[in-house]
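>>> 3D, please:
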Amino acid sequence: MAGEFALGKAELDMWPWLRFIPGMKASFRSLEQVREEVYQFFQTKINLQRGNYDDSNPSCLLDNILHLQKEAETDLKKEHIDDQHVLNIAMNLIFAGKLY
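Residues are numbered from 1 along each chain as shown. Reported below is the predicted structural model:
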């Protein structure tokens, strides 16, 4: 999932001259590793919450989002909420946006 967004591309698109500074590529690679770890951490927590999810007793916002996701799967009229949406919402709660 995290592989959909490659760290460094946004920065290098905004400031293409960064690629010519020694050590910048290594910095972007290490940031990409940190980003992947953050995505995996969030996905692990979401999967854990999904395993503990009780439809009759939602205990947090993530439970409500998982409930909406489950509802959307059964009702074709509702917009589908996939795992990427759930991950982005959880990350927005903590980081107020995506990790770039």
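>>> output the below-cut-off pLDDT ranges for the protein.
The chain contains residues with pLDDT under 70 at 1-11, 97-100.
>>> tell me where it has helices.
Along the chain, the stretches classed as helices by DSSP state H are 9-14, 24-52, 61-74, 83-95.
>>> packing partners of the second one?
Right, helix 24-52. Using 3 or more C-beta pairs under 8 Å, 6 or more residues apart in numbering; DSSP states H and E as the contact test, the elements touching helix 24-52 are helix 61-74, helix 83-95. Using the backbone N, CA and C atoms, a C-beta is placed for each residue, glycine as well.
>>> and for the nearest residue to residue 70 once chain neighbours are set aside, the neighbour number?
Once flanking residues are discounted, residue 70 sits nearest to residue 55: 7.4 Å by C-beta to C-beta, 6 or more residues apart in numbering. The criterion is other C-beta atoms under 10 Å. On that basis, residue 55 has 10 neighbouring residues.
>>> and stretch 42-62, C-alpha only, in PDB?
Extracted in PDB, the C-alpha atoms of stretch 42-62 (Å, rounded to 0.1, in the frame of the first residue of the first chain):
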ATOM      1  CA  PHE A  42      -0.800   2.100  10.900                       C
ATOM      2  CA  GLN A  43      -1.900  -0.900   8.800                       C
ATOM      3  CA  THR A  44      -1.100  -3.300  11.700                       C
ATOM      4  CA  LYS A  45      -3.100  -1.100  14.200                       C
ATOM      5  CA  ILE A  46      -6.000  -1.000  11.800                       C
ATOM      6  CA  ASN A  47      -5.900  -4.800  11.300                       C
ATOM      7  CA  LEU A  48      -5.700  -5.200  15.100                       C
ATOM      8  CA  GLN A  49      -8.700  -3.000  15.500                       C
ATOM      9  CA  ARG A  50     -10.600  -4.800  12.800                       C
ATOM     10  CA  GLY A  51     -10.000  -8.100  14.700                       C
ATOM     11  CA  ASN A  52     -11.300  -6.600  17.900                       C
ATOM     12  CA  TYR A  53     -14.200  -4.800  16.200                       C
ATOM     13  CA  ASP A  54     -17.600  -5.300  17.800                       C
ATOM     14  CA  ASP A  55     -20.400  -4.100  15.500                       C
ATOM     15  CA  SER A  56     -22.800  -3.600  18.400                       C
ATOM     16  CA  ASN A  57     -20.400  -1.600  20.500                       C
ATOM     17  CA  PRO A  58     -18.200   0.800  18.500                       C
ATOM     18  CA  SER A  59     -15.500   2.200  20.900                       C
ATOM     19  CA  CYS A  60     -13.700   4.700  18.700                       C
ATOM     20  CA  LEU A  61     -13.800   6.600  15.400                       C
ATOM     21  CA  LEU A  62     -11.900   3.800  13.700                       C
END
